[in-house]
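K.L.:
no FASTA, just this:
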């Protein structure tokens, strides 16, 4: 059961057409292939996994995006098979599928970006996908919820949401979808996520906007510290409405809306993480820089002992100290560090806080949403990371499911 | 149930006296306090946790060891309470207990090194420990198995073993004990482990020997990637037998025996890890240096997705690739990397190996002991790391037990 996963509804972006079909990759017969047709004039930016064994579609999508300087016309996404660890045959097949899309939509194959998610180390079922592409090209429409559903793997709920912002009198919409669930500690990227806007923004500014939005959203979550081979996050601007760049006086308004969509989707991934029963925010302040704050926050968020304590609703201050302390920040002063659970200070001046009681901690830990605050006393930087707990269901899901 | 935990028997070291008693720290009434009395002339070396929040006894033991240049006369170890996160009162109490031991044994308090393991963030029960010290000082003897039993927390079996080596016609014994179970990824140290020999070795050479033995044993294991606040590994030489230093022609023989004891105990900790059903060796060769090999090996050994696959006996090559690939070694060539499960090559040249079948992998994964081999193709260094799987029992133990 996801933890408080209630996203604002997704709003369709005009001129974008989507087609989700059951190509037969997934054994259960659910939709597993999504074709997204973008209008002429669209610009596109992307961030991709840093995993050395990045999947074939990641390699091809990066190359196509670069070659076209962001002038992309179609996204092809399959779930159920990651096309990773498949060597040159996997890359060749991804290119063949881009050609199939190009044939169906009368565009160039280099204008198509492919994405895959699912089992690693198996070749895609070529014929099924080719047939699925033809079928999806014939069923293009504007069913965004069905699109968000079709990219799921172990997700229990689709993740689709929107924000709107008025710029120069025009209502600009930003709509995003994402899939997540496990193998989640994105590194300069995320699991699959697609963000769209109807504004007109050049590729360079679009990339900057995406990088900025991702740093505090998809690059601030972890389920299990594992970075997928297939992570990608894309931002498309259809160029149908007002033109703007990063010098526009309302650029901060656009960035605020974009960051809100990205953060909502990133948090939705954690809320629907494999086996999650708690949604945990770990905020670290007083660091020398953002990297130090993120390092400490991730040490807490990734600690199996912290995560099992969260599952048990155990206000285990000792495990929080252990996780902070293992980060090898020799310039930190243990006596300057404060640790709070919710609003209650539990540790300061090298020992358990004088007024802290186990009962206070236990009360806070009963909630499904828990916030941990750490003050390092070492500078002015801050960062927040979001994670889930480590439960029996996480073990069951990952012992049973072949990713 | 520990995985194939069968250590060679421990052999008593002459002139060392041990006393284990139930001081009442543990609620179940089992032995929880151990006093080890070392003969005059003993030398002692130690490595300690690098965790920023190192426990009060770690701070005191390091200071006493340094002050006495290794001329130590007693070790005091309690289980059930870590005396960590306890600030100055915790340090003051550890010093008081050293004074109690000194009074009972007619030595100096600085000749006593204290150690604690158990729950973090609570002060020790002072009166119970003081009474326990007196009782243990009166019951000193040579019951080494009882000593190894008394330092356990969530361990299911005591860990005690020995090796002997003949040097200049004298039989030299090396005997060690350890406790482990969880919060295990030692960093330049280990969980509590005590190694003893009857040879005569000066402190500097003893420290060098310990550092070397630890690097391939206690610093090559992980259960859950979490580094304890209380880790310590000590090596004591009673100076009763042959004198040697690192220029002695049989020094390599001594090192070989010492390393064997350390490796057996380190592996015993993994075999008896919380919830372990598999014992997994991850060896990485062809790296540019040992650090790179260890980094890749730990990325595999700590991956929750690899560990749950191991629990499920799933030969999941994709998760191994994911874990190797997330280490940010940009100079590695994915096409040069080979991955073997047991003796079977499963991945090479960027794809699943031509002759590999799922059936081969499945057969290997049925065993309780599994070896993973990675060839990086990037140099001549190698390293091996030992770990356990991630099971339902790990979650249960750590959701139920307050460490």
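P.N.:
Cool, the structure landed. Nothing here was measured: the structure is a model prediction, and the numbers come from that model.
K.L.:
Break down chain A into its helices, ranges please.
P.N.:
A:56-67, A:87-105, A:126-138, A:144-150, A:203-215, A:251-271, A:290-302, A:304-311, A:317-325, A:358-365, A:392-400 (DSSP state H).
K.L.:
Let me have these in JSON lines, adding mean neighbour count and mean pLDDT as columns.
P.N.:
From N, CA and C alone the C-beta is placed, and that goes for glycine too. Formatted as JSON lines, the helices of chain A follow (neighbours: other Cβ atoms under 10 Å in any protein chain shown; pLDDT from 0 to 100):
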{"stretch": "helix A:56-67", "mean neighbour count": "21", "mean pLDDT": "94"}
{"stretch": "helix A:87-105", "mean neighbour count": "20", "mean pLDDT": "97"}
{"stretch": "helix A:126-138", "mean neighbour count": "19", "mean pLDDT": "97"}
{"stretch": "helix A:144-150", "mean neighbour count": "22", "mean pLDDT": "95"}
{"stretch": "helix A:203-215", "mean neighbour count": "20", "mean pLDDT": "89"}
{"stretch": "helix A:251-271", "mean neighbour count": "22", "mean pLDDT": "89"}
{"stretch": "helix A:290-302", "mean neighbour count": "22", "mean pLDDT": "93"}
{"stretch": "helix A:304-311", "mean neighbour count": "27", "mean pLDDT": "91"}
{"stretch": "helix A:317-325", "mean neighbour count": "27", "mean pLDDT": "89"}
{"stretch": "helix A:358-365", "mean neighbour count": "15", "mean pLDDT": "92"}
{"stretch": "helix A:392-400", "mean neighbour count": "20", "mean pLDDT": "83"}
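K.L.:
what would these look like in CSV with distance to chain B?
P.N.:
Below are these laid out as CSV (distance: least, Cβ to the nearest Cβ, whole Å):
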stretch, distance to chain B
helix A:56-67, 10
helix A:87-105, 3
helix A:126-138, 16
helix A:144-150, 22
helix A:203-215, 17
helix A:251-271, 15
helix A:290-302, 7
helix A:304-311, 4
helix A:317-325, 2
helix A:358-365, 10
helix A:392-400, 4
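K.L.:
Among these, which comes closest to residue B:156?
P.N.:
Nearest to residue B:156, of all those, is helix A:304-311, at 18.2 Å by Cβ to Cβ.
K.L.:
what's around the closest residue to residue A:256 other than its chain neighbours, how many residues?
P.N.:
Nearest non-adjacent residue to residue A:256, counting by Cβ to Cβ, 6 or more residues apart in numbering or on different chains: residue A:165, 7.4 Å away. When neighbours are counted by other Cβ atoms under 10 Å in any protein chain shown, residue A:165 registers 19.
K.L.:
my read: residue A:165 touches residue A:197, true?
P.N.:
No - counting by Cβ atoms under 8 Å, residue A:165 stays clear of residue A:197, with 9.4 Å between them.
K.L.:
Phi and psi next, for the closest residue to chain B within the stretch 51-200 of chain A.
P.N.:
Going by Cβ to the nearest Cβ, chain B is nearest to residue A:120 of the stretch 51-200 of chain A, at 2.4 Å. With angles defined as degrees, to the nearest 10, residue A:120 sits at phi -90, psi 140.
K.L.:
OK, contacts around it?
P.N.:
A:55, A:82, A:84, A:85, A:229, A:403, B:316, B:317, B:318, B:319, B:321, B:322 (Cβ atoms under 8 Å, 6 or more residues apart in numbering or on different chains).
K.L.:
Could you rerun that using 7 Å?
P.N.:
For residue A:120, the contact set (Cβ atoms under 7 Å, 6 or more residues apart in numbering or on different chains) comprises A:82, A:84, A:85, A:229, A:403, B:318, B:321, B:322.
K.L.:
likewise residue A:68?
P.N.:
Contacts of residue A:68 by Cβ under 7 Å, 6+ apart are A:110, A:111.
K.L.:
Now it. Its backbone dihedrals?
P.N.:
Dihedral angles (degrees, to the nearest 10) for residue A:68: phi -90, psi 10.
K.L.:
and what of residue A:275?
P.N.:
phi 80, psi 10.
K.L.:
what's the burial count for residue A:84?
P.N.:
28.
K.L.:
wait, doesn't it sit right on residue A:230?
P.N.:
Yes - counting by Cβ atoms under 7 Å, residue A:84 touches residue A:230, with 5.9 Å between them.
K.L.:
okay, and the common contacts of the two?
P.N.:
residue A:55.
K.L.:
ok, residue A:302 - contacts?
P.N.:
With Cβ under 7 Å, 6+ apart, residue A:302 has these contacts: A:222, A:225.
K.L.:
change it to 8 Å
P.N.:
Neighbours of residue A:302 in contact, by Cβ under 8 Å, 6+ apart: A:185, A:222, A:224, A:225, A:387, B:225.
K.L.:
Read off the pLDDT value for the fourth one.
P.N.:
In this model, residue A:225 is scored at 72, pLDDT.
K.L.:
Also the first one?
P.N.:
pLDDT for residue A:185: 65.
K.L.:
circling back to that earlier point, how far away is the residue of the stretch 51-200 of chain A closest to chain B from residue B:300?
P.N.:
Residue A:120 is 14 Å from residue B:300, where distance means Cβ to Cβ, to the nearest Å.
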